[in-house]
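Chemist: predicted model and sequence below, questions to follow.
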Amino acid sequence: MITGKAIKFGDNVDTDQIIGAEYLTLPTIEDMVKFTFKNHKNFTDNYQQGDIIVGGHNFGCGSSREQAAAVLKKTGVGAIIAKSFARIFFRNAINLGLMVLECKETDRISNLDQFQLYPQSGKIQNLTKNQSYETIALPPYVKSILDAGGIINYMRTQTNSG
Amino acid sequence: MRSNKIYQEKKKVKIMGMNSIEKILAHHSKEKAVRPGQIVEASIDLVMTNDATTALTCDIFKDQIKAEKVWDASKVIMVIDHYTPSNSVESAEYHKRMRAFAAEQNLLYSYEGHGICHQLMLENHVVPGQLVIGADSHTCTYGALGALSTGMGSTDIAVSWVEGKLWFKVPETIKIVLNGKLHSGVYPKDVILRIIGDLTAKGATYKALEFTGELITDLSVDSRATLTNMVVEAGAKFGYIAPDEKTLNYVKERGRKPLEIVKSDDDAEYEKVITYDVSDLAPQIASPHSVDNVNPINEFTGLKVDEIFLGACTNGRLEDLEIAAGILKGRKVNSDVRFLVTPASKDVYQKALDTGLLRTLLDAGAFINHPSCSTCFGATQGVLASGERLLSTANRNFMGRVGSAQSEIYLGSPATIAASAIYGKITDPREVI
């Protein structure tokens, strides 16, 4: 179970906003983390480790930079819930073992609402509003990558088992 | 021709009802037929990376996968184009690591100072029928040559370096039929902006876009690349244009042969078909801070701009420079505006030099930058201060993409930006040509 509060965004959050071009050549992801969402006051003021990012449609659109998913993973984001995700960001998140859940009901969620989230069932409990939301199940192959903690771990399990 | 024979043999075993995108994925995953939604493991023909993410990929390759050698040193292509020449100590260190990795792996193709990765892939590597991935979202550009190509993150790229293959979800395809002829002063950039405005930024997420129709037949490969380049701005995974005589000439002139000429079956299925008559299309502008925020130019004319950029993998090719030079010949750039021109590649630069285009642009008052991603990427040349406004031929106008989060980016065609450079204000190119 994942618990945390919602840090809410709108539609079309692009990866330039998550981590700007000027930071991509810093030596490590740790060096980039402090610039995550640097122009979003709601994030920089309110985010605490384990919180849940809530987006609208097309979360993570734009550049393929994996640093965007990587800095969110490194800051300890509990999960990202959005109405839809941009393709490359979605793959990057799965590959890194960062939980991404598609949920059509994110309009019902307010900024800073408290959550409990159950990764296996994909069920989301909004404790503040006493609501629960369904999420869209991942294709089995994709879910097995996420469950393994990312594609590298998944490759290792495949090699070990076969 | 060998490639045609392969195609015919496969047809004999009745692979019917597939579109080109499905066919290329099927052929690369050794499946007789694939359908949208299916997940396949496909072999990759080429993997391109650039200096926005390669070091991260090297870390994953070495530290996490613990790999030693890439699967094929002739198929892993590395390009330094985003921060070149190195603009900070960090990027200098980054470039040093990339060069060392390329040397250690004996990569056959490693470019620096040659231009934007996508333009180099078009000019030097991609052929029809290939499946190509790149560590850059605009990798989708190569569909202009009848290849399937798409952007991937660093972990996927690192896995492909080791295995030469990767999983793909077969996308649904939207067919876009473009009929009619463009009005003078209206260009493919206006067409693709209009399409993205209509589809919206999420309208083609995870899907493929196949462009067809009489406009496509009329367009050069350079122009087609402007269309396919921007499909990712509607969320698409692939943009595709069936190869024709122009495609074959393009690759032949550059000493290459197609892998396979793939055409969609007559009974191929599409999620939907959208038809446009482009004959009455006006120049279009995408306004801040989303590429799908598109309206006809008359809603913006007279808006003052501080900087104008001609370049990027969208519109930094020779014909784009020709369009701009054609408008600016004998005219001067307004003294209140900075006009930056960055050829997409060294080849484009040399041809623009030989044909006098650069002289025309210089005489008009342009800054000419070395071939690179330049202002579009927002890390090196032409970064904006707060309150400044950029009009650009690039493909993105995200908040803060080119410097200050308090700046604004407008997107338009090479003709629109050239006309606007004369007045320092957004100007309809039809008024000056």
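Modeler: Here it is on my side, so go on.
Chemist: regarding the residue of the stretch 201-350 of chain B at minimum distance from chain A, what is its secondary structure?
Modeler: Nearest residue of the stretch 201-350 of chain B to chain A: B:Lys202, at 3.8 Å (Cβ to the nearest Cβ). To be clear about C-beta, it is placed using only N, CA and C from the backbone, and glycine gets the same treatment. Three-state assignment for B:Lys202 (DSSP: H, G, I helix; E, B strand; the rest coil): coil.
Chemist: surely it and A:His57 touch.
Modeler: Yes. The pair B:Lys202 and A:His57 qualifies as a contact (Cβ atoms under 8 Å) at a distance of 4.7 Å.
Chemist: give me the neighbour count for the residue of the stretch 201-350 of chain B closest to chain A.
Modeler: A count of neighbours around B:Lys202, defined by other Cβ atoms under 10 Å in any protein chain shown, yields 21.
Chemist: give me the phi and psi angles of it.
Modeler: The phi/psi pair for B:Lys202 (degrees, to the nearest 10) reads phi -110, psi 0.
Chemist: quick one: contacts for it?
Modeler: Neighbouring residues of B:Lys202 by Cβ atoms under 8 Å, 6 or more residues apart in numbering or on different chains: A:11-12, A:57-58, A:61, A:84, A:86, B:234-235.
Chemist: in space, what's closest to it - neighbours in sequence excluded?
Modeler: A:Asn58 (3.8 Å; Cβ to Cβ, 6 or more residues apart in numbering or on different chains).
Chemist: what is the neighbour count of that neighbour?
Modeler: Neighbours of A:Asn58 under the rule other Cβ under 10 Å: 27.
Chemist: sorry, back to before: shared neighbours of B:Lys202 and A:His57, anything?
Modeler: A:11-12, A:84.
Chemist: in the lengthiest strand in chain A, which residues are buried?
Modeler: Taking DSSP state E as the criterion, chain A has its longest strand at strand A:2-8. Across strand A:2-8, burial judged by 16 or more other Cβ atoms under 10 Å in any protein chain shown covers A:2, A:4-8.
Chemist: so, low pLDDT: which residues of chain A?
Modeler: A:161-162 (pLDDT under 70).
Chemist: thinking again about what came up before, using CSV, write out every CA atom in the longest strand of chain A.
Modeler: The C-alpha trace of strand A:2-8 is given here as CSV (Å, rounded to 0.1, in the frame of the first residue of the first chain):
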residue,chain,number,x,y,z
ILE,A,2,1.2,3.5,-0.9
THR,A,3,0.1,6.5,1.2
GLY,A,4,0.6,10.2,0.4
LYS,A,5,-1.1,13.4,-0.5
ALA,A,6,-2.0,14.6,-4.0
ILE,A,7,0.2,17.2,-5.8
LYS,A,8,-2.2,18.2,-8.6
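Chemist: that strand: how far from the chain's middle?
Modeler: 11 Å (Cα atoms, centre = their mean, to the nearest Å).
Chemist: show me what that strand is packed up against.
Modeler: The contact analysis (3 or more Cβ pairs under 8 Å, 6 or more residues apart in numbering or on different chains; DSSP states H and E) places strand A:2-8 against helix A:41-46, strand A:52-54, strand A:114-118.
Chemist: minimum distance to chain B: which of the ones you listed has it?
Modeler: Nearest to chain B among the helices and strands packed on strand A:2-8 is helix A:41-46 (11.0 Å), distances taken as Cβ to the nearest Cβ.
Chemist: returning to what we had before: so the residue nearest to B:Lys202 versus B:Glu210, what's the distance?
Modeler: In this view, A:Asn58 and B:Glu210 are 21 Å apart by Cβ to Cβ, to the nearest Å.
Chemist: please enumerate the helices of the stretch 251-400 of chain B.
Modeler: Residue ranges of the helices in the stretch 251-400 of chain B, as given by DSSP state H, counting those that start in this stretch, are B:312-315, B:318-328, B:346-354, B:357-364.
Chemist: so which of those helices is the most packed in?
Modeler: Most buried of these, by mean neighbour count (mean count of other Cβ atoms under 10 Å in any protein chain shown): helix B:312-315, with a mean of 30.
Chemist: mind giving me the packing neighbours of the helix or strand harbouring A:Ala70?
Modeler: Using DSSP states H and E, the element containing A:Ala70 is helix A:67-74. Here helix A:67-74 is seen to pack against helix A:15-18, helix A:29-32, helix A:87-96 when contacts are counted using 3+ Cβ pairs under 8 Å, 6+ apart.
Chemist: got CSV for the helices of the stretch 251-400 of chain B, with distance to B:Leu46 and mean pLDDT too?
Modeler: Output for the helices of the stretch 251-400 of chain B, formatted as CSV (distance: least, Cβ to Cβ, whole Å; pLDDT from 0 to 100):
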stretch, distance to B:Leu46, mean pLDDT
helix B:312-315, 16, 98
helix B:318-328, 23, 98
helix B:346-354, 19, 98
helix B:357-364, 30, 98
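Chemist: now render the ones you listed as JSON lines, adding distance to chain A.
Modeler: Formatted as JSON lines, the helices of the stretch 251-400 of chain B follow (distance: least, Cβ to the nearest Cβ, whole Å):
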{"stretch": "helix B:312-315", "distance to chain A": "12"}
{"stretch": "helix B:318-328", "distance to chain A": "22"}
{"stretch": "helix B:346-354", "distance to chain A": "23"}
{"stretch": "helix B:357-364", "distance to chain A": "26"}
